[in-house]
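# Quick one, what's the 3D model for this:
(one chain, ligands or ions: 1)
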Amino acid sequence: MKFALAITLTIFTLNTAYAKDSTQEISLQVTEKGFEPSEIKVKPGTHVLLKVTRKTEATCATQIQMKEKKIKKELPLNKEVAVDLGTLKNGDVRFACGMDMVSGHVVVE
Ligand SMILES: [Cu+2]
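The predicted structure follows:
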């Protein structure tokens, strides 16, 4: 019984360590050209944390939204905003400005 408990605890610890290791912080900037980069590639199972900084006033992207994740955040000028996307599965996660005009996406494959 004690042995089984020890194994369970070990597995739990390993999972936790794996989750931390697979977190990827990705810097994203908003410039006159839009989101840069506009395409981000990650492996399935990656926990993605976007660090978004708006670098210009000459853009309509003063917000970032990800409809399928129900995320919408203000992007103050020259201030890094963290956007936690959670752990991503295979597919495509689109992000866009508040009006859904300027956009980019995260490709998970
Ligand atoms: Cu816009």
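# Please, where are all the strands along this protein?
Along the chain, the segments classed as strands by DSSP state E run 23-31, 34-36, 39-42, 46-54, 63-66, 71-74, 80-88, 91-96, 103-108.
# could these be laid out in a markdown table, adding mean pLDDT, mean neighbour count and distance to the ion?
C-betas here are computed from N, CA, C, even on glycine. Shown next, in a markdown table, are those (pLDDT from 0 to 100; neighbours: other CB atoms under 10 Å; distance: least, CB to the ion, whole Å):
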| stretch | mean pLDDT | mean neighbour count | distance to the ion |
| --- | --- | --- | --- |
| strand 23-31 | 97 | 16 | 10 |
| strand 34-36 | 98 | 19 | 9 |
| strand 39-42 | 97 | 15 | 18 |
| strand 46-54 | 97 | 18 | 12 |
| strand 63-66 | 98 | 20 | 8 |
| strand 71-74 | 97 | 14 | 12 |
| strand 80-88 | 96 | 15 | 16 |
| strand 91-96 | 97 | 17 | 8 |
| strand 103-108 | 97 | 18 | 9 |
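# Grab the nearest non-local neighbour of Gln63.
Once flanking residues are discounted, Gln63 sits nearest to Gly98: 3.6 Å by CB to CB, 6 or more residues apart in numbering.
# Tell me how many other residues crowd that neighbour.
Number of residues near Gly98 (other CB atoms under 10 Å) recorded here: 16.
# OK, contacts around it?
Going by CB atoms under 8 Å, 6 or more residues apart in numbering, Gly98 touches Cys60, Ala61, Thr62, Gln63, Ile64, Gln65, Lys72.
# For the fifth one, list the residues it contacts.
Put plainly, it is Ile64. Listed by CB under 8 Å, 6+ apart, the contact partners of Ile64 are 30, 35, 50, 52, 71-73, 75, 81, 83, 95-98.
# repeat that for 7 Å
When the contact criterion is CB atoms under 7 Å, 6 or more residues apart in numbering, the partners of Ile64 are Val52, Lys73, Leu75, Val83, Phe95.
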